[in-house]
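1. quick check, what structure comes out for this input:
(2 chains)
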Amino acid sequence: MYDFVFKSFKDMTPADYERVGFKGGLEVHQQLDTKKKLFCHCPVPKMPYKDEYHSEILRHMRPTLSELGEYDGTALMEFKTRKEIIYRINRDNICTYEMDDTPPFEINEEALDSALEIGLAMNAKVVDELHIARKQYLDGSIPNGFQRTAIFCINGWIPYKDRKIDIVQMSIEEDSCREVSDIGHTRTYLADRLGTPLVETVTAPQMRTPFEIAEVNNIIRKVCRSTGKVRVGIGAARQDVNVSVYGGTRIEIKGVHKINNIPILTYNEAMRQWNLLRLREELHRRGITAETFYAEHYNITKILKRTSFYPISRAIQEGWEVRCVKLPHWKGLLEWKTQTYTIFAKEISDRVRVIACLTTLPNIIHSDSIYNTISREEIDKVKKHIGATNDDSFIIVWGDRNDIDTATNEIMIRAREATIGIPSETRQALRDGTTGFERILPGPDRMYPDTDLPPKKITDERIERIRLNMSKVFWKNEEWYRQLGIPEDRIEPLAVSPYRQLFEFVVKEWAVDPIFASEILVNLPKKFKKQGFDTDKLNMGIFEQLFNEYRNGKILRDGFKIALQEYLKNGELKLERLPKPADQDAVREMFQKATRKLESIKLHNPEKGKELLIAFVMYGLRGSVEGRFVREFVQNYWGNGN
Amino acid sequence: MFVNLSKIIGGMVTKMDSNENYKGYRGEALSVLKNFGALVWSDVTLVTNAGEFTGIILPRNETADEHHIVLKLRSGYNIGIAAKKVVDVKVGGRKIAQYKIPEKEFPIDPKKPRVKLFGTGGTIASRLDYRTGAVIPAFSPGELYGSVPELANYCNLETEKLYGVFSENMGPEQWIGTATAIGREIEKGVQGIVIGHGTDTMHHTAAILSFMVQNPPIPIVMVGSQRSSDRPSSDAASNLIHSVKTAAEGDIAEVMVCMFGPTSDVYGLLHRGTRVRKMHSSYRSTFRTIGDIPLATVDKEKIVPLRQDYKRRRPDKNVIINTAFEEKVAIVYYYPNMKPDIIDSLVDNGYKGIVIAGTGLGHVNKPLYPSLKRAYEKGIAIYMTVQTLWGYVQMYVYDTGRDMMALGVVPAANMLPEVAYMKLCWALGQTKDLEKVKEIMLTPIAGEITEREPSNGYLVFQGGIPEVEEFLAQIKR
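-> So this is what the prediction gives:
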């Protein structure tokens, strides 16, 4: 079954992915562009975020009993870690609601409208009544210990290639804190973006290769942006990516910021799962199953008390304990390849880091690659002490007396899990394109109704109002732009531009040249931004006014640039000060002036004369005459005169 | 007769409909469920003209409208579906929720002190019903051990549920009953008492117990929580642990309130029962000692006294339980433009005592004077407190104050209005003689009047000013 061996990233073919049963799905989180937060009246912080804060609050999270009276898997893990959570608070964006000291206010209607518009754009069905739920998080990323979230749409779809990708559900929820650091027993968060409204779009696991996931992600992102109701910038859109292979477990890679990273991450995650299944096969072949698995641990602090291996010698100086876990018949398996340049021992080291809070690396060493750590003599002593044969593996770990038990336990738990398969967990995206352990996957029981807020009816009238005011979905617009002959590099920006409705209006109603309109609405703001202008000052009204003057012949094409530049500098649109369109006589007069000027210059290359003339005239009549008209004029005269 | 019969039948039908099978459903939604043979907790697929929805039918909140059916989807989310859109319901199995707290036996260690936990109705520990969001209280020692196992580190716990009321519904019956139960337990020799209580009126109960239970030999600790225990961020478990530690090991033999200290989760505070007040509608650190400093801080490891003038724990079992109580007492919160008929109506309704929360140093407007005079002449005890909460009543400073004292209004020093109210109920329960009442009222029994306000007793920080901002930036509190 598991005889296939993963090829390098670039050599993998769609057939290879099919062979391993690759399946991918997405949960796309998109922040909404609202003035206020979702359940309180704090302003949403501006992008990019600042790391400024004014005070800090310390809290702990405690697991609650779930339905069956058992502590939930994640809950238990978070409790084991005994973390102190520090919140850094910026008073401009955080009130007592976010800090869990004031009950919620009613849901932000502006956010709900925006969310519904995105839902309709994805062809989804709106629920009749919104029920707000609490989704538990024990990592501290939300001071409540839960996130308020509600499904507003289900059963949608988006077009992809020749098929449809199903949208399973869409929820509106509050964003969490930004993690600053997680060292030892202290995890620190910046709270500014906490409570920002966002929409989570969940697709069915219908993507068959890593590249398909990225492509579908791009479509979803564009649908969101084409509504004009979402935030853009780093962190405004993030996704959790699900991956599974045949016989594997659905694993979630959390918080992927860049879509471009999705292919390599999901490739590595699929490989990891596949290789863990192959490892299980090998363990079973060696007779190690969940039932027969056994491991033992030993205190070896005394044996290593004179070691020159710095991480351990320092630990012993600190009064920490050194333990050795023996894994009988595991020889070589700690080095089993899981991902690109990554081995099984990393799975164990990750758990020790996250669960036992031993965050300084290396936090373990092991017998399958022990050289350059403790000496050969020490290795022999350890082996003798724990009674290890050449057939066995062992792992050495060090930590303070509170953490060492958790660490030892976790090592044995993770090793035993290898005999069962792929543990349910969430993984984080690492910079090198591999994934690392983040948390044990929360149980299904972590969702329950929010008793602080009543259900909210979503009326048909409301849905109709939104439907009437929303613009076309971007893929239909893109098609139309192509037909109009808009240059390819402007098509996507125009489709998600806040001015796309104005574009449609001026092209259809005022017969403005579409290519020119796209230049004004897409390229010009971009240029201004590059020049350092604050283009947030621009708005639909200003463009509309300019296009209106233009169609009435009061300003020319060049007038747009001058007027807008002036506006960005002084905050005023002064149309009366714009040069008026020049008549034939004015051009002739300027042409004569320019000719005289040209004659006073000695030209090395007389061929350039014509271009210079054009430039002189254009400069002299700046903004009051169109370039093509001057060119035509000079062309004629130049041709006739000489 | 005929009419009555139909009423009875109607009543029976209503009763059947509102039973567990259709819990909370009425009207349109109820008839849809009935038409298709679906019940609450049925696993169903609702076919509507807007698509199909699969999940479990949940009970509906009784106050919600009658047009929607609540469905718990497989993802754990709930949604409401308009009953009128439902065209078919495919009914699968049904799983009725069984709620039970896992009980583990509370370990008994003969070396550890005996602590008694009384329940009055507030939820301190609980388990969550994930489907409805309902909180199921954990109360027996076994249940408590199941959810807060740390309690066993401090004591051998015994529990007794005295009442099951929300804290705003506490009244003389419950106060008297609780005081009596405390006396009984002290006689039995427990080493500490914890009283679980809703937070809204915890300071009222703390005040009356401070008067009814005099000179107890052991700590009597009131505790509650501001964030329900279904939340990972709840203050319930830590408050409970702190109160049990205080009851088991503490040296302070007084009626106290044990609640969250600062905004950060670092320690709890022990407040004297007569000086404590709930000061924020929702903050977890809502309880504050007013006009003085708290008794001590408490965390899992230690109790650190902040002052030395507390009553020490004693090995004896001596305590005076005095449950006298006069119910006809009122607090009048004075406001400008108050009309005399407010006072008149109390007099006419047979009230025996009035506590005024006056403005500033203890004032009311002149139009009230004749009514106050009439009240006094009718033998009603009238005491003045301040609505500023901080500071003493001082009625000599202005003539208006002197005039009022001449009318028979007695200044109640720096007793908090609610505390003065409780004490007046208690004093009038003992005697009708206004001179004796006055003696009882003005003789401090449990710190309700203090001789002095320490210079750090009034510290209401003003946010926004540089030095406070600096403090907030540096100290994680």
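
2. drop to CA atoms for contacts and neighbour counts, all remaining ones
-> Fine.

3. how many residues are close by residue 296?
-> Assuming you mean chain A. For A:E296, the count of nearby residues is 13 (other CA atoms under 10 Å in any protein chain shown).

4. sorry, I should have been clearer: chain B.
-> The number of residues packed near B:A296 is 21, by other CA under 10 Å.

5. next, give phi and psi for it.
-> Taking degrees, to the nearest 10, you get phi -170, psi 160 for the backbone angles of B:A296.

6. now A:P487: closest residue in space that isn't a chain neighbour?
-> Excluding its sequence neighbours, the residue lying closest to A:P487 (CA to CA, 6 or more residues apart in numbering or on different chains) is A:I515, at 7.6 Å.

7. in terms of contact, does the one you found touch A:Q483 like I think?
-> No: with contacts defined as CA atoms under 8 Å, A:I515 does not count as touching A:Q483, sitting 11.3 Å away.

8. what's downstream of the strand ranked longest in chain B, the next helix or strand?
-> Residue-count comparison of every strand in chain B, with assignments taken from DSSP state E, identifies strand B:86-94 as the longest. The helix or strand immediately downstream of strand B:86-94 is strand B:114-119, counting by DSSP states H and E.

9. excluding its own residues, what touches that following strand? List them.
-> Outside of strand B:114-119, the residues that reach it under the criterion CA atoms under 8 Å, 6 or more residues apart in numbering or on different chains are B:139, B:155-164, B:185, B:190-197, B:244, B:247-248.

10. mind doing that once more with 7 Å?
-> Surrounding strand B:114-119, the residues in contact under the criterion CA atoms under 7 Å, 6 or more residues apart in numbering or on different chains are B:155-163, B:190-197, B:247-248.

11. ok, now stretch A:532-551?
-> Outside stretch A:532-551, the residues that touch it by CA under 7 Å, 6+ apart are A:499, A:510, A:525, A:528-529, A:555-556, A:560, A:568.

12. how about 6 Å then?
-> A:529, A:555-556 (CA atoms under 6 Å, 6 or more residues apart in numbering or on different chains).

13. likewise for stretch A:322-340?
-> Here stretch A:322-340 makes contact (CA under 6 Å, 6+ apart) with A:268, A:271-272, A:275, A:295-301, A:343-345, A:368, A:391-398.

14. any idea how far stretch A:36-49 is from the chain center?
-> Averaging C-alpha positions (CA atoms, centre = their mean, to the nearest Å) puts stretch A:36-49 18 Å from its chain's average.

15. convert the C-alpha atoms of that stretch to PDB, please.
-> Extracted as PDB, the C-alpha positions of stretch A:36-49 are listed here (Å, rounded to 0.1, in the frame of the first residue of the first chain):
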ATOM      1  CA  LYS A  36     -15.800  49.200  14.500                       C
ATOM      2  CA  LYS A  37     -15.200  45.800  15.800                       C
ATOM      3  CA  LEU A  38     -17.700  43.000  15.800                       C
ATOM      4  CA  PHE A  39     -19.000  42.900  19.300                       C
ATOM      5  CA  CYS A  40     -17.800  46.200  20.800                       C
ATOM      6  CA  HIS A  41     -17.400  49.700  19.600                       C
ATOM      7  CA  CYS A  42     -13.600  49.900  19.500                       C
ATOM      8  CA  PRO A  43     -12.200  51.200  16.200                       C
ATOM      9  CA  VAL A  44     -10.500  48.500  14.100                       C
ATOM     10  CA  PRO A  45      -6.700  49.200  14.100                       C
ATOM     11  CA  LYS A  46      -5.200  50.600  10.900                       C
ATOM     12  CA  MET A  47      -2.900  48.600   8.700                       C
ATOM     13  CA  PRO A  48      -0.100  48.000   9.000                       C
ATOM     14  CA  TYR A  49      -0.300  47.200  12.600                       C
END
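
16. show the average pLDDT along that stretch.
-> When pLDDT is averaged over stretch A:36-49, the result is 94.

17. repeat for stretch B:248-264
-> Mean pLDDT, taken over the full extent of stretch B:248-264, equals 96.

18. what residues does it touch?
-> Judged by CA under 6 Å, 6+ apart, the contacts made with stretch B:248-264 from elsewhere in the structure are A:57-59, B:113, B:192, B:210, B:217-223, B:239, B:243, B:267-273, B:285, B:311-313, B:477.

19. cool, and stretch B:206-220?
-> The list of residues contacting stretch B:206-220 from outside it, by CA under 6 Å, 6+ apart, reads B:192-194, B:247, B:252-255, B:273-274, B:313-314, B:319-323, B:419, B:422.

20. quick one: end-to-end length of that stretch, please.
-> Length of stretch B:206-220, first residue to last, CA to CA, to the nearest Å: 9 Å.

21. buried set for it?
-> Along stretch B:206-220, the positions that meet the burial threshold by neighbour count (16 or more other CA atoms under 10 Å in any protein chain shown) are B:206-220.

22. returning to what we had before: buried residues in the longest strand of chain B?
-> By 16+ other CA under 10 Å, the buried positions in strand B:86-94 come out as B:86, B:89, B:91.

23. all the strands of the stretch 101-250 of chain A, residue numbers only.
-> Listed in chain order, the strands of the stretch 101-250 of chain A (DSSP state E, counting those that start in this stretch) span A:125-126, A:129-130, A:133-136, A:146-160, A:163-174, A:178-183, A:186-190, A:197-203, A:237-244.

24. dump the ones you listed into CSV; add mean neighbour count as well.
-> Supplementary listing: those in CSV, determined by neighbours: other CA atoms under 10 Å in any protein chain shown:
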stretch, mean neighbour count
strand A:125-126, 21
strand A:129-130, 24
strand A:133-136, 24
strand A:146-160, 22
strand A:163-174, 21
strand A:178-183, 15
strand A:186-190, 21
strand A:197-203, 28
strand A:237-244, 25
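
25. mean pLDDT lowest for which of those?
-> strand A:133-136 (a mean of 90).
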